[in-house]
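J.: Sequence plus the predicted model coming up.
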Amino acid sequence: MIIAIDGPAASGKGTLGKRLAEHFGFAHLDTGLLYRAVARVLLDRNVPLEDREAAAEVARTLDVSHLDDSRLRGAAMGEAASMVSAYQPVRDALLAFQRQFGTRAPGAVLDGRDIGTVVCPDAEVKLFITAAPEERARRRHLELQSRGEQAEYEAILADIRRRDERDMNRSTAPLKPAEDALTLDTTHLDADAAFRAALDLVERKR
Ligand code: C5P
């Protein structure tokens with residue numbers, strides 16, 4: 001069984017994905033980390049993010065055993081990931097690994113931007129998680145502060161809006177709900193309430 005979770009930056013889909021996976025004993029893949037890892041390798045090698053060919057080559061040869069690297073988590077890497085993720089050859093190169101992950105027994109939760117639409121179009125459950133940009137910025141701000149990172153709320157909000165804009169309007173695999181996705185707006189839900197609501201939606205589909 002596959003639970004596909006999509007949604008914009010800082011919508012809470014990662015936390016939800018993790019909790020749902022724990023609840024059902026499923027494997028969990030935060031697919032944003034793949035794009036972040038590609039960006040990280042390019043930056044480490046001083047290759048400009050505009051270099052599509054190099055980005056595609058990095059994606060084709062990506063070592064996926066280091067996705068827990070804490071350096072992938074920062075806001076700058078999210079922005080860089082958003083740039084390289086717009087290149088079709090990069091997306092193509094990362095597809096097989098994601099699809100393979102989806103076959104894990106007894107089930108898998110994948111979260112990202114195009115899981116329900118492109119990566120796992122046949123997923124049994126598809127959730128689209130949204131929240132108002134201001135609320136997403138507030139959460140991201142708290143998260144960064146708790147990790148000791150310097151962060152201005154206004155700058156985070158601007159970053160989120162820019163990333164939404166880029167992810168929703170790109171020609172390849174734009175962020176949008178699959179036709180058969182269930183949408184959950186978490187603007188007024190805390191993490192526990194969001195988890196209960198998501199669990200309810202999953203149980204109804206199972
Ligand atoms: O989810 P996260 O913020 O880690 O994703 C970083 C960037 O990677 C996103 O802004 C998006 O552009 C890209 N991404 C994507 N497709 C996915 C997951 C992430 O294009 N399935």
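T.: Received, thanks.

J.: center of this structure - which residue?
T.: G112 (3.1 Å; Cα atoms, centre = their mean).

J.: Backbone torsions only: list them for the nearest residue to that one once chain neighbours are set aside.
T.: Closest residue to G112 apart from its sequence neighbours, by Cβ to Cβ, 6 or more residues apart in numbering: T31 at 3.5 Å. To be clear about C-beta, it is placed using only N, CA and C from the backbone, and glycine gets the same treatment. T31 adopts backbone torsions of phi -70, psi -20, taken as degrees, to the nearest 10.

J.: ok, T31 - contacts?
T.: Counting by Cβ atoms under 8 Å, 6 or more residues apart in numbering, T31 touches 94, 98, 110-113, 115, 119.

J.: May I ask you to name the longest helix in the chain?
T.: Identified as the longest helix of the chain according to DSSP state H is helix 153-169.

J.: looking only at pLDDT, what's the mean for that helix?
T.: In this model, helix 153-169 has an average pLDDT of 94.

J.: Tell me the helices and strands packed up against it.
T.: Packing partners of helix 153-169 (3 or more Cβ pairs under 8 Å, 6 or more residues apart in numbering; DSSP states H and E): helix 75-84, helix 133-146.

J.: which secondary structure elements does the longest one contact?
T.: The reference is to helix 133-146. helix 153-169.

J.: What is the helix or strand that the helix it packs on is followed by packed up against?
T.: Per DSSP states H and E, the first helix or strand lying C-terminal to helix 153-169 is strand 182-185. When contacts are defined as 3+ Cβ pairs under 8 Å, 6+ apart, strand 182-185 sits against strand 125-130, helix 191-205.

J.: Return the residues in contact with Y153.
T.: 137-138, 141.

J.: In JSON lines: those residues, plus neighbour count, distance to H188 and pLDDT.
T.: What follows is those, written out as JSON lines (neighbours: other Cβ atoms under 10 Å; distance: Cβ to Cβ, whole Å; pLDDT from 0 to 100):
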{"residue": "A137", "neighbour count": "23", "distance to H188": "15", "pLDDT": "96"}
{"residue": "R138", "neighbour count": "16", "distance to H188": "12", "pLDDT": "96"}
{"residue": "H141", "neighbour count": "19", "distance to H188": "18", "pLDDT": "93"}
